[in-house]
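Student: 3D, please:
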Amino acid sequence: MSEDFFQGYKGEALELLKKYQVRVWGQAEIETTRGNFKGTVLPRAENDDDKHIVLKIITGYNVGIDTRTVTSMKETGYKKANYQIPEKEFPVTPGLPQLKLFGTGGTIASRLDYRTGAVIPAFTPGELYGAVPELADICNLTTEKLFAVFSENMGPEQYKKLAVSIGEEIEKGVDGIVIGHGTDTLSHTAAALTFMVQNSPVPIVLVGSQRSSDRPSSDAALNLMHAMTAAGHGDIAETMVCMFGPTSDEYGFLHRGTRVRKMHSSYRSTFRTVGDIPLATVTRKGVEPIKQDYNPRRKDKNVKIMPYFEEKVTIQYYYPNMQPDVIDALVDAGYKGIIIAGTGLGHINKPLYPAIERAHKAGVHMYMTVQTLWGYTHMFVYDTGRDLMAKGIIPAANMLPETAYIKLGWALGQTNDPDEVKKIMLTPINDEITEREPYNGYLIYQGGVKEVDDFVRKVHK
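Tutor: Below is the predicted model:
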């Protein structure tokens, strides 16, 4: 057989395919010492090993079969697959809202390039329509790819460009903004846009997917439909994150951009509002507010764009036996702001005190948050907290550590005056600091307890 039939395979895997005359894209039955498998043989990525054959089984999932376990293989059919997303012209429907989708590199709709193993995003209106045709019933859509980066590479440069671009679209009269974004740092960008884009008359909705579109359990299409519904038809004109509510596909949540956090590495329902309740639920039928104190949609085009950020800001997560040279190194490196995620009500150990004093003397702005995530810094309760405040650390109420980091960078991008920075930091813009946490804003229950298991069986799995 020609080498063209064995795309990406090499070494032991290639020899095994040749031995049994099984081709890439061939339907195969493979017997192994660990069981028998049926499916389509997929190409390998160029940099993959030579000890596995990849099979797409009937469920749509891919499995890697160790060549050392294979006892026999048989090709039962052959049909080369085309994983290119069909592109169709996105229709324009009078009366539907006009939305703008900004792309940052997140794979909200995608196909998989099996040659390289890379997920290739579908992004043009035509590609999105081909992948998720239901979007045409929700909105009229234009798209713009601002960046092509993984979410861990999003930062101040991208935040500022996004803010300016959003302002330009609002001035043009767009009815809503959707931002496709990787999930890992989605909450950081949401916080940044909350501070940089103020008084928006239209919804600004960040959306991602936990599982790429080639997987049967992908949340990409539904998240995108929910985000477009919230941006085009919802009344909440704030910066929000739109992702799955429960693990099922019943509804999505809209989370306020300053109080949201990714809480699980792989669950589709990974995003949670922390210290409060979500803003709303959203389905393809519309948005149902949960909170009533939100900024409503307006018909004007007035928006305040404040694209500022000082990059020499960091979060320092406190841990037992933390050494003072950690703080000294940050000062020596020229850092202007430090967010500390302290223990309990906002504590760190006494050996750090001299380093904190040196940092304060050097003009470093230091704010205390709590690594518990839920709850407030209360630095008046114990001597430790009082001592730290006397040495220059300012409690940041119930701001999440990541939100405080973003806000301090944004504040220092505007001024280095300690009093002005403090005023900016401690003046809430959109619930990054709240007067109190609602009784149901902290719900973390453990499985195994009868009443919890009964509730989960009755309501959601």
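Student: which parts of stretch 196-209 are buried?
Tutor: By 16 or more other CB atoms under 10 Å, the buried positions in stretch 196-209 come out as 196-198, 200-209. C-betas here are computed from N, CA, C, even on glycine.
Student: mind listing which of these are in helices?
Tutor: M196 (DSSP state H).
Student: Redo the buried residues of stretch 196-209 as a markdown table? Include pLDDT.
Tutor: As requested, the buried residues of stretch 196-209 are exported to a markdown table (pLDDT from 0 to 100):
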| residue | pLDDT |
| --- | --- |
| M196 | 98 |
| V197 | 98 |
| Q198 | 98 |
| S200 | 98 |
| P201 | 98 |
| V202 | 98 |
| P203 | 98 |
| I204 | 98 |
| V205 | 98 |
| L206 | 96 |
| V207 | 94 |
| G208 | 89 |
| S209 | 87 |
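Student: what residue is smack in the middle of this structure?
Tutor: T183 (2.0 Å; CA atoms, centre = their mean).
Student: What ranges in the protein fall below the confidence cut-off?
Tutor: Along the chain, the model assigns pLDDT under 70 to residues 1-5, 45-47, 81-87, 106-123, 212-216, 460-461.
Student: Quick one: residues contacting the nearest residue to V54 once chain neighbours are set aside.
Tutor: Excluding the flanking residues, the one nearest V54 by CB to CB, 6 or more residues apart in numbering is L42, at 4.5 Å. Contacts for L42 (CB atoms under 8 Å, 6 or more residues apart in numbering) come out as 24-25, 54-56, 62, 114.
Student: I'd say D48 and Q7 touch.
Tutor: No. Because the distance of 11.4 Å does not satisfy CB atoms under 8 Å, D48 is recorded as not touching Q7.
Student: what's the single longest helix in the protein?
Tutor: Longest helix in the chain, counting by DSSP H: helix 156-172.
Student: Can you mark which positions in that one are buried?
Tutor: For helix 156-172, using 16+ other CB under 10 Å, the buried residues are 156, 158-160, 162-163, 165-167, 169-170.
Student: Please apply the same query to stretch 353-367.
Tutor: 353, 355-356, 358-360, 364-367.
Student: Of those, which belong to helices?
Tutor: Among the buried residues of stretch 353-367, the members found in helices (DSSP H) are 353, 355-356, 358-360.
Student: how many neighbours does the closest residue to Y159 other than its chain neighbours have?
Tutor: Spatial nearest neighbour of Y159, chain neighbours left out: A192 (4.0 Å); criterion: CB to CB, 6+ apart. Residues lying near A192 (other CB atoms under 10 Å) number 30.
Student: Also the one 3 residues further on?
Tutor: The burial count assigned to F195 is 27, neighbours taken as other CB under 10 Å.
Student: Likewise for A341?
Tutor: Counted with other CB under 10 Å, the neighbours of A341 add up to 22.
Student: Just to be sure, it is in a strand?
Tutor: Yes. According to DSSP: H, G, I helix; E, B strand; the rest coil, A341 belongs to a strand.
Student: From I348, how far out is it?
Tutor: Using CB to CB, to the nearest Å, A341 is found at 10 Å from I348.
Student: Who are the packing partners of the helix or strand hosting D325?
Tutor: Here D325, judged by DSSP states H and E, is contained in helix 324-332. In terms of contacts (3 or more CB pairs under 8 Å, 6 or more residues apart in numbering; DSSP states H and E), helix 324-332 is packed against strand 313-317, helix 353-361.
Student: and for the shortest one, what are the contacting residues?
Tutor: Right, the one you point to is strand 313-317. 326-327, 330, 335-341, 371, 401-402, 404-405, 408-409, 412.
Student: of those, buried ones?
Tutor: Buried by 16+ other CB under 10 Å: 327, 330, 335-341, 401-402, 404-405, 408-409, 412, out of the contacts of strand 313-317.
Student: domain assignment for the chain?
Tutor: Domains of the chain are assigned by automatic domain parsing as 3-78, 98-305, 313-426.
Student: the strands in the stretch 1-150 of the chain, which residues?
Tutor: 26-32, 35-41, 52-57, 62-66, 70-78, 98-103, 110-113, 118-121, 140-145 (DSSP state E, counting those that start in this stretch).
Student: Give me the angle between the fourth one and strand 26-32.
Tutor: Read it as strand 62-66. Strand 62-66 and strand 26-32 are oriented at 50 degrees to each other (axes from the mean of the first three to the mean of the last three CA atoms, to 10 degrees).
Student: Pull up the pairing partners for strand 62-66, direction included.
Tutor: strand 52-57 (antiparallel) (DSSP bridges).
Student: Put the alpha carbons of the partner strand into PDB.
Tutor: Output of strand 52-57 as PDB, limited to C-alpha atoms (Å, rounded to 0.1, in the frame of the first residue of the first chain):
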ATOM      1  CA  HIS A  52      -0.600   3.800  19.300                       C
ATOM      2  CA  ILE A  53      -3.300   3.400  16.700                       C
ATOM      3  CA  VAL A  54      -6.100   5.900  17.100                       C
ATOM      4  CA  LEU A  55      -9.700   4.700  16.500                       C
ATOM      5  CA  LYS A  56     -12.900   6.800  16.400                       C
ATOM      6  CA  ILE A  57     -15.500   4.500  17.900                       C
END
